[in-house]
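Student: coordinates only, sequence not included:
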């Protein structure tokens, strides 16, 4: 890796888990299938709430580059980082094959923030915060990347009985839609917790929406209820 793991930015076991699965990332019928089904919805959510064409975008915890490529294809100048070296290698190879321009880096969010604080119009962080040991500190680093008026988009999982039954018992152990052990219940994040950490980092909540995924039809849609998976938009207030 280009930067050492830091306690606040990653759990080495989590990094290793995703690193080992990197070669299967772009298999639309494998363990990352739900991400492939969710990606159009996430892209539409982001695109409806900011300007992508010509904007400087940071995709944090980019994995194999699913969202990063989609953002670049919408005209954004994308810097995408992940701490799993094999994921970055897969992302680079896939982007090269598709002639998509993305600046992929094996780097921590703290390292990027130290070098490029306040330089991004948009920051995305999808399904990552529930995998880090100190999400409040990670959120501070995400916030520091934004210029005044810039927007942060986060997706994560709520922590309650319903999310446990749907996202862990159902998705991981009954339907095997995703690999068992992908999520730990204690690390899931309630919307109120996320909003509190964001306020402490100088951000304001602009939107919160639930995401409903139908395991039978594999269709997904935005809903008002954020009880399981949800998307949130935060903004760094413009300087006055």
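Tutor: Arrived safely. Keep in mind that this is a model prediction, so the values were computed, not measured. Numbering: from 1, shown residues only.
Student: list the contacts for residue 30?
Tutor: Taking Cβ atoms under 8 Å, 6 or more residues apart in numbering, we find residue 30 in contact with residue 24. No exception for glycine: its C-beta is placed from N, CA and C like everyone else's.
Student: after the host helix or strand of residue 80, next one along is what?
Tutor: Using DSSP states H and E, residue 80 sits in strand 77-82. The helix or strand immediately downstream of strand 77-82 is helix 85-97, counting by DSSP H and E.
Student: how much does that next one deviate in direction from strand 77-82?
Tutor: With axes from the mean of the first three to the mean of the last three Cα atoms, to 10 degrees applied, the angle from helix 85-97 to strand 77-82 works out at 150 degrees.
Student: Quick one: residues in contact with helix 85-97.
Tutor: Residues from elsewhere that reach helix 85-97, judged by Cβ under 8 Å, 6+ apart: 1, 18-20, 22-23, 25-26, 62-65, 68-69, 72, 80, 82, 101-102, 104-106.
Student: Mind checking which of these land in strands?
Tutor: 80, 82, 104, 105, 106 (DSSP state E).
Student: For the residues you listed, give me JSON lines that also has pLDDT and neighbour count.
Tutor: Shown next, in JSON lines, are the ones in strands among the contacts of helix 85-97 (pLDDT from 0 to 100; neighbours: other Cβ atoms under 10 Å):
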{"residue": "80", "pLDDT": "98", "neighbour count": "29"}
{"residue": "82", "pLDDT": "96", "neighbour count": "31"}
{"residue": "104", "pLDDT": "98", "neighbour count": "24"}
{"residue": "105", "pLDDT": "97", "neighbour count": "19"}
{"residue": "106", "pLDDT": "96", "neighbour count": "18"}
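Student: just those residues now: which is nearest residue 167?
Tutor: Set against residue 167, the nearest of the ones in strands among the contacts of helix 85-97 by Cβ to Cβ is residue 82 (21.8 Å).
Student: Now do the contacts for the residue nearest the centre of the chain.
Tutor: By Cα atoms, centre = their mean, the chain has its centre lying nearest to residue 126, at 1.4 Å. Residues near residue 126 by Cβ under 8 Å, 6+ apart: 42, 59, 61, 67, 153, 154, 155.
Student: Bridging across strands, which residues link to the fifth one?
Tutor: In this case it means residue 153. For residue 153, the residues forming beta bridges with it (DSSP bridges) are residue 124, residue 233.
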